[in-house]
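Q: Give me a model of this one.
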Amino acid sequence: MPVQRRTIALDAGLVSELKNVASRRGSTLAGYLRRLLRAVIALERQGIDPFQVLENAYMYEVLTSLGAVPAPVKLLRCCRRDCVESELEEFMKTMKDLGVDGWGLLQVIARSLRAPQGGGTRILLPRSHEGAGFALIIAKVYGYTVRFTGDYVVIEQKPQEERTG
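A: Take a look at the predicted model:
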């Protein structure tokens with residue numbers, strides 16, 4: 001795609017900060033801004049306010065730093081484990097139907113729970129970890145490989161049929 005050059009006026013301090021951010025992300029200022037603008041346009045095309053996304057992401061980061069994770073409202077009505085599992089599975093099937101990337105979701109959950117990730121293709125959780133049940137439901141709905149090794153649950157990105165085929 002041909003590149004068109006445009007000039008926009010920005011405060012020198014803002015340019016300096018943006019260059020630092022881009023550098024920390026391993027990018028040039030122009031590359032960083034192109035990536036940022038592509039994301040903004042993609043959200044706008046879906047009718048989503050990018051500023052709201054940033055505010056929500058910030059709140060999510062604050063909540064996860066306090067040990068909270070987002071959950072479907074229906075779960076608040078559940079008191080029994082079978083109810084929770086059923087509601088989560090239904091919720092995850094809807095997420096999958098909406099095109100939500102299951103592996104990306106597992107990685108977000110793993111990061112928020114500070115669980116190790118093996119090269120981006122494997123997630124390791126202690127069986128007793130509070131997020132293990134939720135991660136197992138996501139893995140089931142999306143068809144990821146699940147192994148139990150001692151006290152750990154290993155979720156791998158490849159579906160079971162790809163591993164054995």
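Q: What strand or helix carries the most centrally placed residue in the chain?
A: Among the residues of the chain, residue 108 comes closest to the average C-alpha position under Cα atoms, centre = their mean, at 3.5 Å. Assessed by DSSP states H and E, residue 108 sits inside helix 102-112.
Q: Strands of the protein, residue ranges please.
A: Under the criterion DSSP state E, the chain contains strands at 117-118, 122-126, 144-149, 152-159.
Q: Make CSV out of those and add mean neighbour count and distance to residue 32.
A: From N, CA and C alone the C-beta is placed, and that goes for glycine too. Output for the strands of the chain, formatted as CSV (neighbours: other Cβ atoms under 10 Å; distance: least, Cβ to Cβ, whole Å):
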stretch, mean neighbour count, distance to residue 32
strand 117-118, 13, 24
strand 122-126, 19, 28
strand 144-149, 14, 32
strand 152-159, 18, 28
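Q: These into CSV, with extra columns for distance to residue 9 and mean pLDDT?
A: What follows is these, written out as CSV (distance: least, Cβ to Cβ, whole Å; pLDDT from 0 to 100):
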stretch, distance to residue 9, mean pLDDT
strand 117-118, 41, 68
strand 122-126, 45, 85
strand 144-149, 48, 92
strand 152-159, 45, 84
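Q: can you list the domains in this protein?
A: Taking automatic domain parsing as the domain assignment, the ranges for the chain are 11-68, 75-165.
Q: Point out the most buried one among the ones you listed.
A: Highest mean neighbour count among the domains of the chain (mean count of other Cβ atoms under 10 Å): domain 75-165, with a mean of 15.
Q: how distant is that one from the center of its chain?
A: Its chain's C-alpha centre lies 12 Å from the corresponding centre of domain 75-165 when counted by Cα atoms, centre = their mean, to the nearest Å.
Q: what about the protein, any weak spots by pLDDT?
A: 69, 112, 117-119, 159-165 (pLDDT under 70).
Q: Thanks a lot, catch you later.
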